[in-house]
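Colleague: 3D, please:
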Amino acid sequence: MTPVSSFQVPGVRDVRDVPGSLSFVVPAYNEEALIARAVGAIQFSARSAGAPFEVIVVDDASTDRTAAIAEAAGATVVRVNLRQIGAARNAGALAATGDTLVFVDADTFITPAHANGVVAAMARGAVGGGAAAVFDDPVPWWAQKTLGVTVRLFRWAKLAAGSFLFCSKSAFEAVGGFDSALYAAEEIALSRALKRLRRGPFVVLREPVITSGRKARTYTGREIARTWGGLLIRPWSVKRRDRLDMWYGPRRGDRQ
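Modeller: Numbering: from 1, shown residues only. Okay, here's the model as predicted:
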């Protein structure tokens, strides 16, 4: 498939040929309902930034039409069978040809402000960064309140939310990418590792991304509290897929 970048810069068939190029990496598992919207939002936003770009969807053992829909939307699809979001992102990064990696979840939708923010931050010498997130509607009031507290904590600590994170490819490679031993909190580990490199500031963009609130719609507050409480009490659980059903268990139907 011809890279999307060829539509951005005449005569260029590979984004590695152009400085400041962006590789968007989207890990996906059974995301046929949302993947076309996510890819379309990336393409629209990246074109507004004026940088050459590519969109790589990493189809991690999907049993639905995620891969076919992503390809039809113009993305390059990398197929893996890992069932681990950090490892899937690493596979996408390995296939990427841009010098800036932008990791966007398949249920997350960016705007031109995010693409322009990434370009501006990297031009100013940032090692990487992220953005806060807001849920799409409708979600229970407690979910919005909890997310608001989490966003403030992440912004204070200068950590990227898992749904949107960016960095230079060289920095990503220097820290060894996402920790493949982690099934959750891998974005926190990568944020910290990038900051320890001291190659530039770690920037949290002002504009929040929109991410799906389907977990808050399909799990009860008690179930979510029990999951997060378990992670706090047993932090080693982030290395156990079987302890993380909210992320790796059978997906419940969204009530939206």
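Colleague: use CA for all of it now, contacts and neighbours both
Modeller: Will do.
Colleague: run through who's touching the helix or strand harbouring residue 232.
Modeller: Using DSSP states H and E, the secondary-structure element containing residue 232 is helix 221-233. In this structure, residues lying in contact with helix 221-233 by C-alpha atoms under 8 Å, 6 or more residues apart in numbering are 142, 216, 237, 238, 244, 246.
Colleague: in that helix, which residues are buried?
Modeller: Along helix 221-233, the positions that meet the burial threshold by neighbour count (16 or more other C-alpha atoms under 10 Å) are 227, 230, 231.
Colleague: tell me the secondary structure at the closest residue to residue 30 other than its chain neighbours.
Modeller: Taking C-alpha to C-alpha, 6 or more residues apart in numbering, and ignoring the residues beside it in sequence, residue 30 has residue 62 as its nearest neighbour in space, at 4.8 Å. Reducing the assignment at residue 62 to three states with DSSP: H, G, I helix; E, B strand; the rest coil gives coil.
Colleague: what segments of the stretch 151-256 of the chain are strands?
Modeller: With strands called from DSSP state E, counting those that start in this stretch, the stretch 151-256 of the chain shows them at 164-168, 202-211.
Colleague: that older thread, what's the offset of the helix holding residue 232 from the middle of its chain?
Modeller: Taking C-alpha atoms, centre = their mean, to the nearest Å, one finds the center of helix 221-233 at 23 Å from the center of the full chain.
Colleague: what mean pLDDT does it get?
Modeller: The average of the pLDDT scores along helix 221-233 is 85.
Colleague: angle of the strand or helix carrying residue 143 against strand 202-211?
Modeller: Using DSSP H and E, residue 143 maps to helix 141-157. For helix 141-157 against strand 202-211, the angle between stretch directions is 160 degrees (axes from the mean of the first three to the mean of the last three C-alpha atoms, to 10 degrees).
Colleague: only alpha carbons, please: show helix 141-157 as PDB.
Modeller: Extracted C-alpha coordinates of helix 141-157, given in PDB (Å, rounded to 0.1, in the frame of the first residue of the first chain):
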ATOM      1  CA  TRP A 141     -21.200  11.400  36.800                       C
ATOM      2  CA  TRP A 142     -18.700   9.400  38.900                       C
ATOM      3  CA  ALA A 143     -16.700   8.500  35.800                       C
ATOM      4  CA  GLN A 144     -16.200  12.100  34.800                       C
ATOM      5  CA  LYS A 145     -15.300  13.100  38.300                       C
ATOM      6  CA  THR A 146     -12.800  10.300  38.600                       C
ATOM      7  CA  LEU A 147     -11.200  11.100  35.200                       C
ATOM      8  CA  GLY A 148     -10.900  14.700  36.200                       C
ATOM      9  CA  VAL A 149      -8.900  13.900  39.300                       C
ATOM     10  CA  THR A 150      -6.700  11.500  37.200                       C
ATOM     11  CA  VAL A 151      -6.100  14.100  34.600                       C
ATOM     12  CA  ARG A 152      -5.000  16.600  37.200                       C
ATOM     13  CA  LEU A 153      -2.600  14.100  38.700                       C
ATOM     14  CA  PHE A 154      -1.100  13.100  35.400                       C
ATOM     15  CA  ARG A 155      -0.700  16.700  34.400                       C
ATOM     16  CA  TRP A 156       1.000  17.600  37.700                       C
ATOM     17  CA  ALA A 157       3.300  14.600  37.300                       C
END
